[in-house]
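*Asks:* sharing a sequence plus its predicted fold:
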Amino acid sequence: MGIFMRIIQQFDPAHEVDFMMLEKKFAMLEKERSDFPKGRRLQPLSGGEPANSLIWQCEFPDMDTAYKDLDFFSGDEEHEALFRQQVIFMKQVRIDFYKTLDY
């Protein structure tokens, strides 16, 4: 059974450009550093989440690995420096976990 972790960040729409510029820097960190979890970024066009949301999701083999990578974010200096800049634009953050049902 695999696990999808999805981090949903709702941001202030008045600061979308600033928020997304910082998000590009997060994406660059993922590409440049082999120790970073490699996720996929999504922005809703329609659905349950508002358009002023960014969704980062990644698949993991199990919950332990997902939690380990979640802890990695809060312990990494480069990630934390960017997060401190970006968090001022956030309205709310939610982390969801899903098990895969590959029958």
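*Replies:* Happy to help now that I have it.
*Asks:* I'd like to know how far the closest residue to residue 39 other than its chain neighbours sits from residue 73.
*Replies:* Computed as C-beta to C-beta, 6 or more residues apart in numbering, the closest residue to residue 39 that is not its neighbour in sequence is residue 58, at 3.9 Å. In this view, the C-beta of every residue, glycine as well, is placed from N, C-alpha and C. Residue 58 sits 11 Å away from residue 73, going by C-beta to C-beta, to the nearest Å.
*Asks:* what is in contact with those two at once?
*Replies:* By C-beta atoms under 8 Å, 6 or more residues apart in numbering, residue 58 and residue 73 have these common neighbours: residue 37.
*Asks:* more neighbours: which of those two?
*Replies:* residue 58 (18 against 15; other C-beta atoms under 10 Å).
*Asks:* buried residues, the strand or helix carrying that one. List them.
*Replies:* Here residue 58 sits within strand 53-60, counting by DSSP states H and E. Using 16 or more other C-beta atoms under 10 Å as the test for burial, strand 53-60 gives 53-56, 58-60.
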